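> turn this into a structure:
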Amino acid sequence: MKTTSPLTLGEFIIDKQADFQYTSGELSRLLSAIRLAAKVVNQEVNKAGLVDIIGAMGNQNVQGEEQQKLDVFANEVFIAALNNREVVCGIASEENEDFISVRPGENSQKSKYVVLIDPLDGSSNIDVNVNVGTIFSIYRRISPDGTPVQLEDFLQPGNKQVAAGYVVYGSSTMLVYTTGCGVNGFTLDPALGVFYLSHPDIKIPFKGKIYSINEGNYIKFPQGIKDYIKYCQEEKEDRPYTSRYIGSLVADFHRNMLKGGVYLYPSYSHAPKGKLRLLYECNPMAFLAEQAGGKASDGFTRIMDLNPTELHERTPFVCGSIEMVEKVEEFMENARRNQ
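Numbers count the residues shown, from 1 in each chain. I've put the predicted structure just below:
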């Protein structure tokens, strides 16, 4: 009996290129560059503990956070992969203070795309062998073609994204992405070094039973978030919900997308605007969530409708199953009215 082999990521990109409104093939090459960089980073992540790649660098990034060695390595790998293939005109990384205008080249000057990337989300977990990931977001430039990329090309609302995705490095390595036509996941076969389609047309359950939040900060949370946590813990017919928090956005989001749940990183006293970055983390995850049938909000407003004003802008973030996100918004609005 003849069996059909699953599609590789490369085959899938080519097969689905017609679904994308810009069919020049440039986006396909861009995604291929990300695929290549992900495989290189995956190899280093899997060698952590065997080579001198874990631990802190002794430096702080632009966020004021201690840089891990793998942060720096992943950042360099992704920037090099995108730069060398001349598939983008600009790159912005969570690890860099300013955006990078890709060096002039025959193709890079013609490129219409910019990429924003969190090279290694959750990297502080690498020392204890917990899942980490890469998050990426792709936009079409709005400045004139053939000119140096401008800040305005990166400061676009999430609803202007043309593609977004993440790579989760764990017990298996997966690349999950969308170009606005649903969400598909690909698992890396480590023996062959090939990503195969393993999770076609992913859908977030309308309602879940998992809530993901760092409850250690409970006393600092807004009243609406406190009220929602109490709601999750009540003894009712469909509750209490299960609390699951890894501390790596990619890992928490990935689990909730497959099983149903809500991820919350609200504002609190030490982070009045929240902690997660709008451009590098929240917008791409919001795009994926919506394409999978979920929802993403800052507690009041759709994440992808927010207009960024700076590269490293932060925002509160609530994302996941529609019913659960809307319940959070309900508690937030009630608390605001009762102030």
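
> residue 297: what's it in contact with?
Residue 297 makes contacts with 303, 318, 319, 325, 328, 329, as judged by C-beta atoms under 8 Å, 6 or more residues apart in numbering. Every C-beta, even on glycine, is put in place using the N, C-alpha and C of the backbone.

> show me what the residue lying closest to it once chain neighbours are set aside bridges to in the sheet.
The shortest distance from residue 297 to any non-neighbouring residue, by C-beta to C-beta, 6 or more residues apart in numbering, is to residue 318 (4.9 Å). Here residue 318 sits in beta bridges with residue 264, residue 297, going by DSSP bridges.

> list the buried residues of the longest helix seen in the chain.
Ordering each helix of the chain by length in residues (DSSP state H) puts helix 26-47 first. Buried residues in helix 26-47, counting neighbours by 16 or more other C-beta atoms under 10 Å, are found at 26-39, 41-42, 44-45.

> kindly report the same for stretch 5-19.
6, 7, 8, 9, 12, 13.

> okay, and the beta partners of the third one?
Listed beta-bridge partners, residue 8: residue 196 (assigned using DSSP bridges).

> cool, and residue 93?
Going by DSSP bridges, residue 93 forms beta bridges with residue 117.

> check it and give its pLDDT.
With respect to pLDDT, residue 93 has a value of 97.

> isn't it right up against residue 79?
Yes - contact criterion C-beta atoms under 8 Å: residue 93 and residue 79 qualify, at 6.7 Å.

> what's the overlap in contacts for the two?
residue 100.

> neighbour-wise, which of those two wins?
Higher neighbour count among residue 93 and residue 79: residue 93, with 24 against 20, using other C-beta atoms under 10 Å.

> Provide the secondary structure category for the residue nearest to residue 296 when sequence neighbours are not counted.
Counting by C-beta to C-beta, 6+ apart, residue 296 lies nearest to residue 286, which is 3.4 Å off, once chain neighbours are set aside. Assigned by DSSP: H, G, I helix; E, B strand; the rest coil, the conformation of residue 286 is helix.

> quick one: the strands in the stretch 201-339 of the chain?
According to DSSP state E, counting those that start in this stretch, the stretch 201-339 of the chain carries its strands in the segments 210-212, 242-243, 261-265, 295-297, 317-320.

> contact partners for the residue nearest to residue 297?
Counting by C-beta under 8 Å, 6+ apart, residue 318 touches 262, 263, 264, 266, 296, 297, 298, 299, 325, 328, 329.

> ok, so of these, who is nearest residue 201?
Set against residue 201, the nearest of the contacts of residue 318 by C-beta to C-beta is residue 296 (19.2 Å).

> that closest one and residue 180, how far apart?
Distance of residue 296 to residue 180, computed by C-beta to C-beta, to the nearest Å: 15 Å.

> neighbour count: those two, which is higher?
The neighbour comparison of residue 296 against residue 180 (other C-beta under 10 Å) goes to residue 296, with 23 against 14.

> burial check on residue 259, number of neighbours?
Residue 259: 16 surrounding residues under other C-beta under 10 Å.

> my read: residue 12 touches residue 181, true?
No - Residue 12 lies out of contact with residue 181 (C-beta under 8 Å); the separation is 11.6 Å.

> kindly check the end-to-end length of stretch 193-213 for me.
One end of stretch 193-213 to the other measures 34 Å (C-alpha to C-alpha, to the nearest Å).

> next, the buried residues of it.
Using 16+ other C-beta under 10 Å as the test for burial, stretch 193-213 gives 194-198, 202, 204-205, 208-213.

> by mean pLDDT, flag the weakest helix or strand of the protein.
Ranking every helix and strand in the chain by mean pLDDT, DSSP states H and E puts strand 56-60 at the bottom, with a mean of 50.

> pLDDT value on residue 223, please?
At residue 223, the model reports a pLDDT of 97.

> roughly how far does the residue nearest to it when sequence neighbours are not counted sit from residue 232?
Counting by C-beta to C-beta, 6+ apart, the nearest residue to residue 223 once its immediate chain neighbours are dropped is residue 335, at 4.2 Å. Distance check for residue 335 against residue 232: by C-beta to C-beta, it reads 15 Å.

> between the two, which has more neighbouring residues?
The neighbour count for residue 335 versus residue 232, taken as other C-beta under 10 Å, is higher for residue 232 (21 against 17).

> tell me if I'm right that that one and residue 243 touch.
Yes - using C-beta under 8 Å as the test, residue 232 is close enough to residue 243 to be in contact (7.5 Å).

> and for these two, which residues touch both?
Joint contacts of residue 232 and residue 243 (C-beta under 8 Å, 6+ apart) are residue 211.

> what residue ranges in the protein score low on pLDDT?
Within the chain, the ranges that satisfy pLDDT under 70 run 1-4, 18-24, 48-67, 103-110.

> so the most centrally placed residue in it, which of the three states?
In the chain, the residue lying closest to the centroid (C-alpha atoms, centre = their mean) is residue 135, at 3.7 Å. Here residue 135 is recorded as strand under three-state DSSP.

> residues touching it, list them.
Residues in contact with residue 135 (C-beta under 8 Å, 6+ apart) are 117, 118, 121, 164, 165, 166, 249, 250, 280, 281, 284, 285.

> from residue 71, how far out is residue 38?
Distance from residue 38 to residue 71, by C-beta to C-beta: 15 Å.
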